[in-house]
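*Asks:* task: produce atomic coordinates for the following.
(one chain, ligands or ions: 1)
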Amino acid sequence: MTGRAELNLRRQIIETCLGMNRQGVNQGAAGNVSARHGDGLLITPSGLPYDSMKPADIVFLDENGRPEGECNPSSEWRFHYDILGARKDVGAVLHAHAPYCTALACLGWEIPAFHYMVAVAGGDSIRCAPYATFGSQELSDNALAALKGRKACLLANHGMICIDRDLTAVLALAVEVETLARQYCLALQLGEPIVLPAAEMRRVQEKFKTYGKQPKRK
Ligand SMILES: [Zn+2]
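*Replies:* Residues are numbered from 1 along each chain as shown. This is a model prediction of the structure:
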């Protein structure tokens, strides 16, 4: 392990794991988190509880996906590696078995534009990637396809993936996506949710480009 920046990033990965459990996005050690680092990435180890995880337990994968360090990388390292390789706009990847996302994913359902906030994931739906065995190349390929032009997807009979520029942004997005999944499940219990038209979702996406950006103070 070298340098203060890397140590901070390792600490931030652990904080993100603890944060996703605290905020109901994940339970136990089912989820995993990675962040781009140099030509490779840093990723949570396989099967360690987050509250006993130390910075040195975080695994570095080089540009060829080869691990360095004492621990084995998360069994889902393949899609973290493939996503960070294919999406240069992405700096962090979060995978969780978020309860409401997973409930929908167990039906193989996507989340349609039942709420305008679905646009935070970059489009007018949050797709559901077809099922494949955990840790497999097929799962990684399916996830990458479902994430095309998007920042989140569900994984059939499994969970969800969120991707964003950094760890802070990806955790916030995961909380938002799980909230949307919960709201969609609630709405489905009352009747058939009304889906917003594509043109309206495009308008919302345009507005999101400037939303939350404060003008520079002189
Ligand atoms: Zn999983």
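*Asks:* just checking, what packs against the longest helix along the chain?
*Replies:* As assigned by DSSP state H, the longest helix anywhere in the chain is helix 167-190. Counting contacts by 3 or more C-beta pairs under 8 Å, 6 or more residues apart in numbering; DSSP states H and E, helix 167-190 is packed against helix 4-22, strand 32-37, strand 92-96, helix 99-105, strand 111-112, strand 152-155, strand 159-164. For every residue, glycine as well, the C-beta is placed using N, CA and C.
*Asks:* one more time with 6 Å, if that's ok
*Replies:* With contacts defined as 3 or more C-beta pairs under 6 Å, 6 or more residues apart in numbering; DSSP states H and E, the packing partners of helix 167-190 are helix 4-22, strand 92-96, helix 99-105, strand 159-164.
*Asks:* compare the ones you listed and give me the one nearest Pro45.
*Replies:* helix 4-22 (10.2 Å; C-beta to C-beta).
*Asks:* now the closest one, how far from the centre of its chain.
*Replies:* Computed by C-alpha atoms, centre = their mean, to the nearest Å, the chain-centroid distance of helix 4-22 equals 15 Å.
*Asks:* and stretch 101-121, by the same measure?
*Replies:* 14 Å.
*Asks:* now that stretch: mean pLDDT?
*Replies:* Averaged over stretch 101-121, pLDDT sits at 98.
*Asks:* and if you look at stretch 17-30?
*Replies:* Mean predicted lDDT for stretch 17-30 stands at 94.
*Asks:* model confidence for the residue nearest the centre of the chain, exactly?
*Replies:* Residue closest to the average C-alpha location in the chain (C-alpha atoms, centre = their mean): Cys162, at 1.8 Å. Here, the pLDDT recorded for Cys162 equals 98.
*Asks:* rewinding a little: contacts for the longest helix of the chain?
*Replies:* 12, 16, 19, 23, 25, 35, 92, 94, 98, 100-101, 104, 111, 114, 117, 120, 152, 162, 164, 193 (C-beta atoms under 6 Å, 6 or more residues apart in numbering).
*Asks:* now that helix: how far from the chain's centre is it?
*Replies:* For helix 167-190, the distance to the chain centre is 12 Å (C-alpha atoms, centre = their mean).
*Asks:* quick check: bridge partners of Val93?
*Replies:* Ser34, Ile163 (DSSP bridges).
*Asks:* and it, how many residues sit next to it?
*Replies:* Using other C-beta atoms under 10 Å, Val93 has 28 other residues around it.
*Asks:* can you give me the distance of it to Thr102?
*Replies:* Using C-beta to C-beta, to the nearest Å, Val93 is found at 17 Å from Thr102.
*Asks:* pretty sure Pro45 contacts Cys71?
*Replies:* Yes - in this structure Pro45 lies within contact range of Cys71 using C-beta atoms under 6 Å: 3.5 Å.
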